[in-house]
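Chemist: Mind folding the following:
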Amino acid sequence: MGNITKQSVADKYWTLVKTPAYNTAVFWDANRPTNINVAALGPRDVTTMPASVLSESLITASTIMAQVKAYALLTTSFRRARSGLILDAGGTSEDRTDVCRLNDAYIVNNGHLISYVSGAKVDGIITSSGMDAFMSSVRTVFDDAQYNAPVIDLRVCHSSCHSSCHGSRGRR
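Modeler: Numbers count the residues shown, from 1 in each chain. Next up, the predicted model:
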């Protein structure tokens with residue numbers, strides 16, 4: 001059993017929680033198709049849990065769990081979104097659904113989400129393997145939230161439909 005340090009907690013979070021979510025992103029604000037509402041997209045990365053958030057001299061299991069859950073919530077901004085062109089004749093062209101890094105307004109902030117994480121009851125002590133299991137459990141719960149949340153519709157209007165769909169004041 002290895003020692004648990006503030007840095008090892010941050011490193012485990014990076015490896016077991018954040019990186020798997022980060023790797024799901026197909027599109028984000030700087031890497032996207034032209035047929036997507038860019039205002040809803042965020043940067044590729046989310047805030048990383050720094051070791052400094054564990055400010056106690058003796059790190060308790062409850063502190064680790066609280067911080068990991070709080071930062072894991074940010075990873076739910078990696079969500080499924082639909083892109084494509086809405087045509088003036090009806091229908092959609094180039095229609096597809098991919099995981100996108102959306103802006104933070106799209107975080108799945110379900111009050112019950114955090115309570116679903118197993119391993120939340122630890123008697124003040126956590127082992128290195130217990131921490132790994134806890135973080136894997138966190139990722140599983142947040143993966144479920146990411147993939148079971150409603151698909152966000154980010155399709156945009158085809159340029160030819162602006163006058164017919166939106167009147168003469170459409171985009172130019």
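Chemist: okay, CA-based contacts and neighbour counts for the rest of this
Modeler: Fine.
Chemist: Who are the contact partners of the spatially closest residue to L102 that is not a sequence neighbour?
Modeler: Spatial nearest neighbour of L102, excluding adjacent residues (CA to CA, 6 or more residues apart in numbering): L41 at 4.2 Å. Residues in contact with L41 (CA atoms under 8 Å, 6 or more residues apart in numbering) are W28, D29, C100, R101, L102, N103.
Chemist: Just say helix, strand or coil for the nearest residue in space to W28 that is not next to it in sequence.
Modeler: Counting by CA to CA, 6+ apart, W28 lies nearest to R101, which is 4.9 Å off, once chain neighbours are set aside. Three-state call for R101 (DSSP: H, G, I helix; E, B strand; the rest coil): strand.
Chemist: same check, this time on R96
Modeler: strand.
Chemist: Tell me who's in contact with it.
Modeler: R96 neighbours (CA under 8 Å, 6+ apart): R82, S83, G84.
Chemist: for the second one, helix, strand, or coil?
Modeler: Secondary structure assignment for S83 (three-state DSSP): strand.
Chemist: Can you check the pLDDT for it?
Modeler: Predicted confidence (pLDDT) for S83: 95.
Chemist: Neighbours of the closest residue to it other than its chain neighbours, how many?
Modeler: Take S83 and drop its neighbours on the chain: the residue closest to it by CA to CA, 6+ apart is R155, 4.4 Å away. Applying other CA atoms under 10 Å, we find 22 other residues in the vicinity of R155.
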